[in-house]
Structures are given as C-alpha cells and as structure tokens.
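[1] A predicted structure for the sequence below; I have some questions about it.
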Amino acid sequence: MSVTDVSTHTTPRADRPHPNSPGSAGGRGRAARRALLYLGLAIVLLGSVLPMVWAVSGSFKSIDEIFAIPPHLIPKHATFANYVTVFTDISLPKWLWTSLWTALVSTTISVIFSTMGGYAFAKFRFRGSQILFDIMFSSMMIPVTVLVIPLFVQIAGMGLGNSYVALILPWLAPAFGIFMMRQFIVQAVPTQMIEAARIDGAGELSIFFRIVLPVLRPALGALAVWLFLTSYNNFMWPLIVIADANKYTLPLGLNSLTSAYTADYGVILAGSVIAAIPTVALFIALRKQLISGLTLGAVKG
Amino acid sequence: MTSDNSVRVARSRRPAASAPAQEPSRRRPSRQYPRWTPYAFLSPFFVLYAVFLLIPTVVALWISLHSWTGIGPMRWVGLQNYVRLFSDQSFQTAAVNTFWYVAASIFVIVPLALLIATGLAAKRLRLRDLFRVTFFLPFVLSPVVVALVFTILFDSQAGLVNSTLNILFGIGPVDWLGDAVWAKVTVIILLIWRYTGYLVIYFLAGLQSIPPELYEAADIDGGGVVQKFRNVTLPMLAPVTAFVGITSFIGAAQIFEEPFILTKGGPGESTLSIAYFIYRAAFTREQLGYAAAASFLLFVVLFIATRISRHFFGIGREDRA
C-alpha cells in the first residue's frame, strides 16, 4: 500500500486510488464507485444469463416443474424425457443437420468469393473499380425485406422453390463480406510481398492461394463465423421458400413445434438448447476474431 | 479529429491517403499482371450479386406497380398500391409499432450499451472478458430460440417473470403477451436483451481507441468523471455512435422474428411490424404487388434517413458514395 492511502486502509488493493488523486475522501469515493460498477455489471450479467440458464434448466424439467411456484433453477426431478422426445418423436436431428450443412456450404463459398473480390479491390487498379466499389458499398443499405419478394418470385421461376439450393444460392454474395475483406487485405497484406512473388514468376492464382490467403487466416475466421451465424439463424427466408416440413431448417422446425407442442414447453426448451449449442460453441471458440472483425469497419481501421 | 476517426471506407483509394505504398502500379506504365486479373477475381461475386441483389431490387420496384397474386397475369396499376398504403389502417399501425421499436433501439439500447461499455472500459477491471463475452452471447442465439424462450418466460399464468414479480413485489399477474401495450413492451424487452451486448462491443472498441493522453490532460485540468465523459468520451465516440445508431435503426426498422413468434403480431395488430406486414401481405394474403410497394417504401425511408444521418454525422464520408 502506498503512503497516500493510509487512511483508506479498508480499500482493497486493486481499488487503490489513482496516484494523482488527493486525499482520502476521493479514495473512498473511488472505492464506492468501483463497488457500484461491479454491482451494475453483475446485474447486467445476471440479466444476460438468467434467461439462458433458466432455459437450460427448464429443458430438464417436467411441464409442472417449469411453472412451479416458487420457481427454482435446479430441477428437483431432473428428467431427460424432453430430450428423448426431441430426438425420437420429432425430426429435430434432421432439421439440425439441414441447418448445419447449408450454413457450412454457404459460408465456405461466400467467404471464398468475398475474399477474391476484396483482394481485387484492395490490391489492383483497374477501370471501373471505383464505380463497382460504390455500387457494392451503397447496396449494403438495401434491406432484406425489399429483396424477399422478388427473390421468391425469381427462385420459384427457376424451379428451385422448396429446395436446399434455394436456401443457399441467393446469399452467396454478401456485400458486407467484400467490404470487410477489402479492409483486412489493405491492412494485413503487404503489396511488396505480392510484387516480389510476381517477379519470381508466380501466377496470380497461386499468389492468391499461397500468399494472400495464409496471411488472412484471422480475417477469414471472423467473416466465416459471422456468415455462419447469419445463415444458421436465418428465419424469414427459409420460412418463405421452404414449404415441405421434411426440408425444414432448425429455426423453422422449432417454430413449428409451437403449434404441435403448445402445452409442452419442456420439449420446446430442449429443442432451443440444442439449437443454441453450435452457435454458442463457435462463438466461444472464435470470439476474438469475430469481435475484431465486426468492429473493424466501425472504429479506426 | 472527428472526421479522422470516422468509419473508414475506401480510405486507401485516395491518392493522398495514408498508405501510398499500396498503389505502386500508378507510377508504372506497364502492369505486371494481365489486365483482366482483377475482373476475374471479382466476377464470381458480381455475377451472383447482380442476379440476386441488383436485379431483384429493380424487380421489386416493377412488381410494386402491379396487382399480382404471384400466379397468373400481373395487372399494371401504377402508383395505386402506394396510394392504398397510406390509407391502410394496418399499415399505419405497423408503421407506428415499428416507430416504437426503432425509438427503443435508439433511445434505450444504444445509451444502455454506451453505459455498459463505459463501465467495461474502466481501468484494472477484473473479469472484463467474462463480462464482454457474456453480454455478447444473447446475440449469437437464433432469434427464434430467443423468442421461444421469452414466450415461456413471459407466460401470463405462471411464467418466470410473473411469478418472480409476484414473490418479490406482490404484483399481480401482468398479461405480458395478451395486452396490447404490454405485448409491445415485451417485444422491446426482448430486443434490449438481445442487442445491447452486441452494441457494447462497438462502443468498447471505440473507447479503447481513445488516446489515454486525452484523459490524462483532463485529469490535470481537474475534470471529474462526468466532465471527462462529456468532454472527452462523447466527442471521441461520435463516429462510433453514429455508426451504431444507423445500424440499429436499419435493423430495428426490419424487425420480423420477434413479434412473429412472440405474439403473432397480436393481440390484434398491436405488435405488427412493417416487415411482418410485408410478409403477411405477400405470403398469406397473396398481394405481392402491394407487399412490394410497402417494402419499397421502407427502403426509401431507410435510404433517406441513412443519407441524412451520414450527412450530419459524417460517417462513411470518405467513401464518396
């Protein structure tokens, strides 16, 4: 403890006042503020996790226990019945599988296309580049709701209605992806490296795959998580384009449970918990990349 | 200072920008790569982009000028769909409801996120990463999952919210999903829960990019917490705030899943949003032209609002779009 805060000996070490701050009153105020800060953050934390914790706990309860008064978080008679129902009586495994593979395919393709495009904008000068970039950029403001109707008409006209292709195809060219990759490439890929490779006689494609892509690994991760989340969680488009319950994605399937299992909230909660596992796991594994990728465009480049 | 910090778009495309080394080919008459290379890299993206984004946008406008059920012939009606929208009671309700969702996003969620981010940016904060990750977590969950869980939480008979209110404060059961006003409040609570943490990360990134010298200078001038917040934090965060504000605005104006699953737009039409109105007109009432008109109107409003706010806040100023 430093000499300046002798009088505030109750203050925990980490909450020691700033060396510049004079006197003990300031120190005590600071400690109080700090306690308030932790209290506030703890309340927000509780608010954030409580619905999730409660949903997980509810998925192990019978319907009577979910609505028991007073409510309790730890199930008194924990049961796997809801999970058994979810896996045997309804097609949840199939929905989950559909959501996973369609999200994976669409993420992979759109990450590749976005990176190629972002690379062209970042490292080449060519006729029309400014116009193409402006068109691409201003379209980020086009709301999905505008696209949904003509896309539906288009997909139906192509004979792709109610198909998996219809789930994936329209979303393979996200303007956001090009924009984000361009920003990353400008920062992360030195032009000299590309030129040196050219002088060594490397072809443009092999430069892209051997030099540019490896440097971009964190950026690719960020874009991939984002696109995966978007595709996996998408609801409105599958709702419009898929009519056959056999081809439902997970969000569609979960939504359909609300009419079939109106009273059985435990089953709905079990389904929700399973639906949340892939995105939560992915987020926890790649949170650093995702967060830095998202904030790249908004804050300093 | 502010314009320097603003959303950086196409910055290096300007000849005088920070990284001249990136444009060496400017100085060289002969390129080292075939002229078509950049187009080849762009083509997969732009082919898909044209087919599934540019063309549909134009087609949406075209459809909106017709009366069409989706099958059979389209009948040209000119601007009639647009005229009809303005006298449609349901559309007005949807617009007012959407206004409330947008207002809540901008005046509740954004300030709350800023407040939490300021707390998280405190020096020597323990468990910062735990807080940050946990606050962000609701955003990665599917909106359908969140809405389903909230349906059960806010159940009027015995949902967790009502039983907790009853035990703690002795408040009688609130009909969260069945009452016109409370249903809207529930949708807004869900939005707050889902999106606040997501915005926190933008503010936190902005806060961390503020040079600490500015705070030290304020310390020397004897500025307290409030003064520092008002004179350093807020002005330095202006570009991020503008970005977050516009993003939230665009997102909130298109809310669909939350009212769709939570209340089916009800009771009555008290939670119906514009996106839901569009969905309902197009896919349950088979009025594709009418729905397209509504969606185009939404597009125009969003576009104008974005342009105005960009003009005032200067975000994306460097993109020269």
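    It's in. Numbering: from 1, shown residues only, chains lettered A, B, ... in the order given.
[2] can we go C-alpha only for contacts and neighbour counts from here?
    Fine.
[3] tell me the contacts of the residue in the stretch 201-301 of chain A that chain B sits nearest to?
    In the stretch 201-301 of chain A, the residue that lies nearest chain B is A:Asn233 (4.6 Å; Cα to the nearest Cα). Residues near A:Asn233 by Cα atoms under 8 Å, 6 or more residues apart in numbering or on different chains: A:251, B:141-144.
[4] Please repeat the previous calculation with a cut-off of 10 Å.
    A:99, A:103, A:227, A:249-252, A:275-276, A:279, B:140-145 (Cα atoms under 10 Å, 6 or more residues apart in numbering or on different chains).
[5] ok, then the element right after the biggest helix by length in chain B?
    Assignment by DSSP state H gives helix B:180-208 as the longest helix of chain B. Later in the chain than helix B:180-208, the nearest helix or strand by DSSP states H and E is helix B:212-220.
[6] Counting by contacts, list what that following helix packs against.
    Under the contact definition 3 or more Cα pairs under 10 Å, 6 or more residues apart in numbering or on different chains; DSSP states H and E, helix B:212-220 sits against helix B:225-228.
[7] Mind listing residues that contact the helix it packs on?
    B:214-219, B:222, B:231-234.
[8] what's the most distant pair in those?
    Maximum pairwise distance in the contacts of helix B:225-228, criterion Cα to Cα, is 17.9 Å, between B:Gly222 and B:Leu234.
[9] mind checking the SS state of B:Gly223?
    For B:Gly223, the assignment made with DSSP: H, G, I helix; E, B strand; the rest coil gives coil.
[10] could you measure it against A:Gly128, distance?
    51 Å (Cα to Cα, to the nearest Å).
[11] One more: B:Tyr49?
    Counting by Cα to Cα - B:Tyr49 and A:Gly128 are separated by 16 Å.
[12] now swap in A:Leu223 and tell me
    Plainly put, A:Leu223 is 26 Å away from A:Gly128 if you go by Cα to Cα.
[13] Have a look at the two and say which one is more surrounded.
    Between A:Leu223 and A:Gly128, A:Leu223 has the larger neighbour count (other Cα atoms under 10 Å in any protein chain shown), namely 25 against 10.
[14] State the pLDDT value of the more buried one.
    We have a pLDDT of 92 for A:Leu223.
[15] Please compute how far the helix or strand hosting it lies from its chain's middle.
    Secondary structure from DSSP H and E places A:Leu223 in helix A:217-233. Helix A:217-233 sits 7 Å away from the centroid of its parent chain (Cα atoms, centre = their mean, to the nearest Å).
[16] Over to stretch A:175-187?
    With Cα atoms, centre = their mean as the basis, the mean position of stretch A:175-187 lies at 18 Å from the chain mean.
[17] Around the residue of the stretch 151-300 of chain B found nearest chain A, how many other residues sit close by?
    Closest approach between the stretch 151-300 of chain B and chain A, counting by Cα to the nearest Cα: B:Ser295, at 5.0 Å. B:Ser295: 28 surrounding residues under other Cα under 10 Å.
[18] what's the helix or strand for it?
    helix B:288-313.
[19] same question, A:Leu73
    Per DSSP H and E, there is no helix or strand for A:Leu73.
[20] on that earlier part again, list the buried residues for the helix holding B:Ser295?
    In terms of neighbour count (16 or more other Cα atoms under 10 Å in any protein chain shown), helix B:288-313 has its buried residues at B:288-299, B:302-303, B:306, B:310, B:313.
[21] Pull out the buried members of the contacts of helix B:225-228.
    Judged by 16+ other Cα under 10 Å, buried ones among these: B:215, B:218-219, B:232-233.
[22] For residue 226, report the pLDDT, please.
    Defaulting to chain A. pLDDT, A:Trp226: 92.
[23] hmm, I had chain B in mind actually
    83.
[24] Likewise for A:Ser21?
    For A:Ser21, the predicted pLDDT is 42.
[25] How about the one 4 residues further on?
    Here the pLDDT value assigned to A:Ala25 is 50.
[26] Same question for B:Ala180.
    For B:Ala180, pLDDT reads 92.
[27] Can you give me every residue that contacts it?
    Counting by Cα under 10 Å, 6+ apart, B:Ala180 has contacts B:266-271.
[28] go on, B:Ile278?
    A:145-146, A:148-149, B:91, B:94, B:256, B:284-285, B:287-288, B:290-295, B:298.
[29] try it again with 7 Å
    B:291, B:294-295 (Cα atoms under 7 Å, 6 or more residues apart in numbering or on different chains).
[30] Turn the residues you listed into a markdown table, columns for distance to A:Phe67 and pLDDT.
    Output for these, formatted as a markdown table (distance: Cα to Cα, whole Å; pLDDT from 0 to 100):
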| residue | distance to A:Phe67 | pLDDT |
| --- | --- | --- |
| B:Ala291 | 40 | 95 |
| B:Ala294 | 41 | 95 |
| B:Ser295 | 41 | 94 |
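[31] Listing request: residues of chain A with sub-threshold pLDDT.
    Along chain A, segments meeting pLDDT under 70 span A:1-27, A:261-263, A:297-301.
[32] longest helix of it?
    Using DSSP H, we find that the single longest helix of chain A is helix A:23-58.
[33] what's the very next helix or strand once past that helix in contact with?
    Sequence order places helix A:63-66 as the next helix or strand after helix A:23-58, per DSSP H and E. With Cα under 7 Å, 6+ apart as the test, helix A:63-66 has contacts from A:58, A:264-266.
[34] Now do the contacts for B:Ala291.
    B:278, B:281-282.
[35] Count the residues that sit near residue 104.
    Unless you meant another one, I'm taking chain A. With other Cα under 10 Å as criterion, A:Leu104 counts 18.
[36] wrong one, I was asking about chain B
    Neighbours of B:Ala104 (other Cα under 10 Å): 20.
[37] In three-state terms, how would it be classified?
    helix.
[38] Leaving out the residues flanking it, which one is nearest to it?
    B:Ile188 (6.8 Å; Cα to Cα, 6 or more residues apart in numbering or on different chains).
[39] If I look at B:Gln32, what pLDDT would I see?
    74.
[40] Secondary structure element holding it?
    In the assignment (DSSP H and E), B:Gln32 maps to no helix and no strand.
[41] Can you give me the distance of it to chain A?
    7 Å (Cα to the nearest Cα, to the nearest Å).
[42] since we're on that residue, how many residues are nearby?
    Neighbours around B:Gln32, by other Cα under 10 Å: 11.
[43] Repeat that for the one 3 residues further on.
    The number of residues packed around B:Arg35, counting by other Cα under 10 Å, is 14.
[44] How about the secondary structure of it?
    Applying three-state DSSP: B:Arg35 is coil.
[45] how about the residues of the stretch 51-200 of chain A near chain B?
    A:55, A:67, A:69-71, A:113-114, A:116-117, A:120, A:124, A:134, A:138, A:141-143, A:145-147, A:149-151, A:170, A:172-173, A:191 (Cα under 7 Å from any Cα of the partner chain).
[46] Please check those and keep the buried ones.
    Using 16+ other Cα under 10 Å, the buried ones in these are A:55, A:67, A:71, A:113-114, A:116-117, A:120, A:124, A:142-143, A:145-147, A:149-151, A:170, A:172-173, A:191.
[47] In the stretch 1-150 of chain A, which residue sits nearest chain B?
    A:Gly117 (4.4 Å).
[48] check contacts around that residue.
    When the contact criterion is Cα under 7 Å, 6+ apart, the partners of A:Gly117 are A:178, B:41-42, B:45.
[49] And these, which is closest to A:Lys288?
    For the contacts of A:Gly117, the nearest to A:Lys288 is A:Ile178 (20.3 Å; Cα to Cα).
[50] Point out the residues in the stretch 201-321 of chain B that sit beside chain A.
    B:202, B:205-206, B:240, B:243, B:275, B:292, B:295-296, B:299, B:303, B:321.
[51] Which of the residues you listed lies at the shortest distance from A:Lys94?
    For those, the closest approach to A:Lys94 (Cα to Cα) belongs to B:Ala275, at 28.9 Å.
[52] mind listing what A:Ala285 touches?
    Going by Cα under 7 Å, 6+ apart, the list of residues near A:Ala285 is empty.
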